[in-house]
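[1] could you look at this predicted model? Sequence included:
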Amino acid sequence: MSFDFKNLRPDNDSNSKDYEFTQAVIKGLSEERKRLPSWLIFDDRGSEIFEEIVGLENYHPAVCEFEIFYTHKQTLADIISDEALQIIDLGSGDARKTTVLLDQLVKNKLQIHYIPIDISAGAVRNLVTSLESKFGNTSLAVTGIASDYFQGLEAVLRKQFKRNFVFFLGSTIGNQDYPAAGKFLRRLSDSLNKGDYVMIGFDLMKNPKLLYRAYNDPGGVFQKFNLHLLDRINQQLGANFVKSNFVQEGHYSERSHAVESYIYSTKEQTVRIDALNREFHFGLWEGMQTEHSYKYTMPEIEALAQNNGFEIAEHLFDSKQFFVDSIWKVKG
Ligand SMILES: C[S@@+](CC[C@H](N)C(=O)[O-])C[C@H]1O[C@@H](n2cnc3c(N)ncnc32)[C@H](O)[C@@H]1O
């Protein structure tokens, strides 16, 4: 079967990509309480560091979602075997969890077209290569797309008229607040056809001490991930951030219902950004928010589905009920 890669991303130095990135940096650094959105962290290197996070023993969202895939791969295969399907994996990263299912589908000899979509071209390219070496002579076809979520979806849905099953795993939905997640899901249901499936991975609210442990690993991988944002600003906008002048910490906030990660300035300092011709001052221990991971309750998840064009088909939990992969069908 075929294993293809398409890059729909603008070139690194294109105006539109620079514009989006630049505007987000100006806005975030100009606020009284500095705050940058976590999507800025994801380039090829950011996505690679996230793959290290997925391997951390205390990072329960990944541990639990792996368990769900191993335990329920046949349940998923049964849903999929009923229909001619293409599986679209939004923000696939290295798709380690999805690969567990693909293995099962191939064993069941199903003809599946798997379409990973990720903003990191490096992650998608590597994934297509590794899937080809694992599944090269099987019933699986793969088209990897490097693009933004909806740009990739549009390109896929325009061409094909098959039943779709869209995955949005890894608690990526939690990077947005609750109203923004609702808008994202409404746009998703509007893009799909009646009867299409989605499966969304939600991290459930739990003891904040466990949340603390998950986002503050002793080896400093989370710190490396968050500080990578400074490298990106240095590279893209000619800034002179010194990463060793910052440390990272994440904690659950009762106010936002999210784990919020901050990087803190370990000294009073001024950073210059050449491309903006501006300087930004950081006071001693001033914090800047760099990540947001919303923690859900089941009633919130059910309301998100029902209010945004879906009906719930099934909830797949891990044994501790820390995480749920919730399967929904697009309503007519
Ligand atoms: C939290 S990780 C999840 C990775 C994988 N699905 C998992 O469960 O381990 C989020 C992924 O989404 C990708 N991503 C972030 N923003 C994106 C966007 N706007 N469009 C497409 N992909 C995006 C990142 O590159 C990263 O691989």
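    Cool, got the structure. What you see is a predicted model; the values in this text were computed from it and never measured.

[2] where is the longest helix in the protein?
    Secondary structure of the chain read by DSSP state H shows that its longest helix is helix 60-81.

[3] packing partners of it?
    For helix 60-81, the elements it packs on are helix 96-107, strand 197-203, helix 208-215, strand 310-317, strand 323-330, judged by 3 or more CB pairs under 8 Å, 6 or more residues apart in numbering; DSSP states H and E. Every residue, glycine included, has its C-beta placed from N, CA and C.

[4] contacts for the shortest one?
    For strand 197-203, the surrounding residues in contact (CB atoms under 8 Å, 6 or more residues apart in numbering) are 60-61, 65, 76, 79, 163-174, 185, 188-189, 192, 293, 295-296, 301, 310, 313, 316, 322-330.

[5] out of these, which touch the ligand?
    Applying CB under 6 Å from any ligand atom to those, one finds that L169, G170, T172 fall near the ligand.

[6] from those, which is closest to the ligand?
    G170 (2.3 Å; CB to the nearest ligand atom).

[7] and the helix or strand bottoming out on mean pLDDT in the chain, what's buried?
    Within the chain, confidence by mean pLDDT, DSSP states H and E is lowest for helix 15-30 among all helices and strands, at a mean of 85. Within helix 15-30, the residues scored as buried using 16 or more other CB atoms under 10 Å are F21, T22, V25, G28, L29.

[8] and stretch 262-271, by the same measure?
    Buried residues in stretch 262-271 (16+ other CB under 10 Å): Y262, I263, S265, Q269, V271.

[9] look up how far L316 lies from G309.
    Distance, G309 to L316, using CB to CB, to the nearest Å: 21 Å.

[10] got it, and L192?
    For L192 relative to L316 (CB to CB), the value is 20 Å.

[11] neighbour count winner among these two?
    L192 (22 against 19; other CB atoms under 10 Å).

[12] the more buried one contacts L157, doesn't it?
    Yes - with contact defined as CB atoms under 8 Å, L192 reaches L157; the gap is 7.3 Å.

[13] mutual contacts of those two, please.
    Shared contacts of L192 and L157 (CB under 8 Å, 6+ apart): N164.

[14] just the buried residues from the contacts of strand 197-203, in ChimeraX please.
    Typed into ChimeraX, the next command selects the buried ones out of the contacts of strand 197-203 (criterion: 16+ other CB under 10 Å):
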select :60,61,65,76,79,163,164,165,166,167,168,169,170,171,172,173,174,185,188,189,192,293,295,296,301,310,316,322,323,324,325,326,327,328,329,330
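
[15] what residues does the stretch 51-200 of the chain have near the ligand?
    54, 91-93, 97, 118-120, 123, 148-149, 169-170, 172.

[16] which single one of those is nearest to Q111?
    Nearest to Q111 out of these is S92 (CB to CB; 20.0 Å).

[17] ok, and the closest non-adjacent residue to the closest one?
    Closest residue to S92 apart from its sequence neighbours, by CB to CB, 6 or more residues apart in numbering: P116 at 3.4 Å.

[18] can you check S139 too?
    Q111 (5.0 Å).

[19] got the phi and psi for that neighbour?
    Here is the backbone geometry of Q111 (degrees, to the nearest 10): phi -90, psi 100.

[20] if I look at it, how far off is M1?
    8 Å.

[21] quick one, strands of this protein?
    3-7, 85-90, 112-118, 140-146, 163-168, 197-203, 246-253, 258-265, 269-273, 278-282, 287-294, 310-317, 323-330 (DSSP state E).

[22] quick check, the residue in the stretch 201-332 of the chain closest to the ligand?
    For the stretch 201-332 of the chain, CB to the nearest ligand atom, closest residue to the ligand: G201, 6.5 Å.

[23] next, count neighbours for that residue.
    Neighbour number of G201 under other CB under 10 Å is 23.

[24] which ones are touching S265?
    N245, F246, F282, G283, L284, W285, E286, G287, M288.

[25] so how far is I26 from the residue found closest to E260 once you drop the neighbours it is linked to in the chain?
    Counting by CB to CB, 6+ apart, S253 is the residue found nearest to E260 once chain neighbours are left out, at 5.1 Å. Distance, S253 to I26, using CB to CB: 25 Å.

[26] one more: G93?
    Distance from G93 to I26, by CB to CB: 28 Å.

[27] cool, S326 as well?
    From S326 to I26 the distance is 37 Å (CB to CB).

[28] quick one on the thing from earlier: contacting residues around the residue nearest to S92?
    Contacts of P116 by CB under 8 Å, 6+ apart are D89, S92, A95, T98, V124, L127, V128, V142, G144, I145.

[29] so which of those residues wins on neighbours?
    Most surrounded of these: other CB under 10 Å gives V124, at 30 neighbours.

[30] without its sequence neighbours, what residue ends up closest to it?
    That would be G144: by CB to CB, 6+ apart, it lies 4.1 Å from V124.

[31] thought the one you found was touching S130?
    No - look at G144 against S130 with CB under 8 Å: they stay out of range, at 10.5 Å.
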